[in-house]
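Student: Structure of the sequence below:
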Amino acid sequence: MHAVPDDVIACSFNDPMDEKALRILADAYPGRRVVSVDARELFARGGGIHCITQQQPSAI
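Tutor: Purely as a prediction, here's the structure:
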């Protein structure tokens, strides 16, 4: 998962436990919206939430 100022970005896997995990995160981060991202394709290619939330350099 990746916490940003108003939200929490969490992995989901089309698994029956996804909803429980999202509720746990919502309880841990009150006041933030928990957004799930289907991470199966990311993990299949060796990545994760961290990989898609990296900073991008500004264009000069």
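
Student: Quick one: the strands in this protein, in order.
Tutor: 2-3, 7-12, 33-38 (DSSP state E).

Student: Just name the most buried of the ones you listed.
Tutor: Most buried of these by mean neighbour count (mean count of other CB atoms under 10 Å) is strand 7-12; its value is a mean of 18. Glycine gets a C-beta too; all of them are placed from N, C-alpha and C.

Student: could the strands of the chain be laid out in CSV, adding mean pLDDT and distance to Ala21?
Tutor: Shown next, in CSV, are these (pLDDT from 0 to 100; distance: least, CB to CB, whole Å):
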stretch, mean pLDDT, distance to Ala21
strand 2-3, 86, 14
strand 7-12, 92, 7
strand 33-38, 94, 9
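
Student: In a markdown table, list those strands along with distance to Lys20.
Tutor: Putting those into a markdown table (distance: least, CB to CB, whole Å) gives the following:
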| stretch | distance to Lys20 |
| --- | --- |
| strand 2-3 | 19 |
| strand 7-12 | 11 |
| strand 33-38 | 12 |
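
Student: what's the span of stretch 23-34, first residue to last?
Tutor: 8 Å (CA to CA, to the nearest Å).

Student: which outside residues touch it?
Tutor: 1, 3, 6-8, 10, 22 (CB atoms under 8 Å, 6 or more residues apart in numbering).

Student: at 6 Å instead, please
Tutor: 6-8, 10, 22 (CB atoms under 6 Å, 6 or more residues apart in numbering).

Student: what angle sits between the helix ranked longest in the chain and strand 7-12?
Tutor: Determined from DSSP state H, the single longest helix within the chain is helix 18-28. Calculated by axes from the mean of the first three to the mean of the last three CA atoms, to 10 degrees, helix 18-28 forms an angle of 160 degrees with strand 7-12.

Student: So which bits of helix 18-28 are buried?
Tutor: For helix 18-28, a neighbour-count test (16 or more other CB atoms under 10 Å) marks 21-22, 25 as buried.
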